[in-house]
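Enquirer: Here is my input; please provide its structure:
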Amino acid sequence: MIDIQNLDIRFGANHAVRGISFHVGAGETFGLVGESGSGKSTVLRAIAGLITEWTGGIAVDGKALGRRRDRAFFRTVQMVFQDPYGSLHPRQTVDRILSEPLAVHGVKDADARILRALEEVALPRAARFRYPHQLSGGQRQRVAIARALVADPRILLLDEPTSALDVSVQAEVLNLLADLRAARGLTCILVSHNLAVVAHLCGRLAVMQGGRIVEVLDEAALRAGKAVHPHTQDLIRLSHTLESA
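Expert: Residues are numbered from 1 along each chain as shown. Purely as a prediction, here's the structure:
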């Protein structure tokens, strides 16, 4: 469903992504994990069309993409950002936030779709006419997820979707994402610095360091501690240290 070939991204003198390649099968959830500045979110933004200066190849569902995306692409691919408060318009109600993508894509039966979206992310109907500041952090991220899904995309790009949330609600949002992925048959890419989050959702993952992919392994190998690259081993040790703290 997603094929990345020799993707290279520079911001002036900063060589952020250095010729990486990977593929994601239909219905698969693939993880990109690494420390801050490793280039993982930059990759996601290039796939989403938010970064246009790149070289290499990006293909979705067998179709090679250029630097600009058309409306059909955004009907197929949606993104959930790290900070739900920053990604939601503070002066729009939840109803308006969910209505806009439906209007952009010319989708009818908006009322029914909005109610279904709220139900899917376990938000009460009363939340429909509230503003983001009237919701908790976890509820705001649920709205962001509902907005991404309301027009029925096939691919979901997740950029650190729980890192801005309290620990107490992170697991709830991760379980929600897992349920939605299974129910809708979504193809997902999850970016995170947290190996536990990646292991919870992803069957395979790529470890990034300095703009490069240094290792690709599956969830079973990760849990069994079979990582080969020293950076992956360092991330596993750090994850275990944080869990025991």
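
Enquirer: Quick check: which ranges of this structure have low pLDDT?
Expert: Residue ranges of the chain with pLDDT under 70: 240-245.

Enquirer: how would you label the most centrally placed residue in it: helix, strand or coil?
Expert: Nearest residue to the geometric centre of the chain (Cα atoms, centre = their mean): Leu158, 0.7 Å. Per DSSP: H, G, I helix; E, B strand; the rest coil, the secondary structure class of Leu158 is strand.

Enquirer: for Arg96, same thing?
Expert: Following three-state DSSP, the label given to Arg96 is helix.

Enquirer: Please apply the same query to Gly86.
Expert: Taking three-state DSSP as the rule, one finds Gly86 in the helix state.

Enquirer: so how many other residues sit close to it?
Expert: 12 (other Cβ atoms under 10 Å). All C-beta atoms are positioned from the backbone trio N, CA, C, and that covers glycine.

Enquirer: before we move on, what about Arg130?
Expert: For Arg130, using other Cβ under 10 Å, the count is 16.

Enquirer: nearest spatial neighbour of it, skipping sequence neighbours?
Expert: Spatially, and ignoring its direct neighbours in sequence, Arg130 is nearest to Val94 (5.8 Å; Cβ to Cβ, 6 or more residues apart in numbering).

Enquirer: Wait, that neighbour touches Arg142, no?
Expert: No: Val94 is beyond contact range of Arg142, at 9.7 Å (criterion: Cβ atoms under 8 Å).

Enquirer: overlap in contacts of these two?
Expert: Leu123 (Cβ atoms under 8 Å, 6 or more residues apart in numbering).

Enquirer: ok, which stretches of this structure are helices?
Expert: 40-48, 71-76, 84-87, 94-104, 110-120, 137-149, 167-184, 195-201, 219-223, 230-244 (DSSP state H).

Enquirer: Would you agree Ala117 is in contact with Leu98?
Expert: Yes: between Ala117 and Leu98 there is a contact under Cβ under 8 Å: 5.8 Å.

Enquirer: Identify the contacts common to those two.
Expert: If you check Ala117 and Leu98 against Cβ under 8 Å, 6+ apart, the residues they both contact are 146-147, 150.

Enquirer: nearest residue to the residue nearest to the centre of the chain other than its sequence neighbours?
Expert: Nearest one to Leu158, counting by Cβ to Cβ, 6+ apart, is Leu190 at 4.5 Å.

Enquirer: For Arg75, see how far away that neighbour is.
Expert: According to Cβ to Cβ, to the nearest Å, Leu190 and Arg75 sit 21 Å apart.

Enquirer: more crowded one of the two?
Expert: Leu190 (28 against 17).

Enquirer: so that one touches Lys40, yeah?
Expert: No: using Cβ under 8 Å, Leu190 makes no contact with Lys40, being 9.7 Å away.

Enquirer: what does stretch 182-191 contact?
Expert: 1-2, 24-33, 40-41, 43-44, 47, 120, 149, 152-161, 177, 180-181, 197-198, 201-202.

Enquirer: follow-up on the earlier one: so the residue nearest to the centre of the chain sits against Val80, correct?
Expert: Yes: look at Leu158 against Val80 with Cβ under 8 Å: they come within range, at 5.1 Å.

Enquirer: For Arg18, state which of the shared contacts of Ala117 and Leu98 is nearest.
Expert: Distance to Arg18, by Cβ to Cβ, is smallest for Arg147 among the shared contacts of Ala117 and Leu98, at 32.8 Å.
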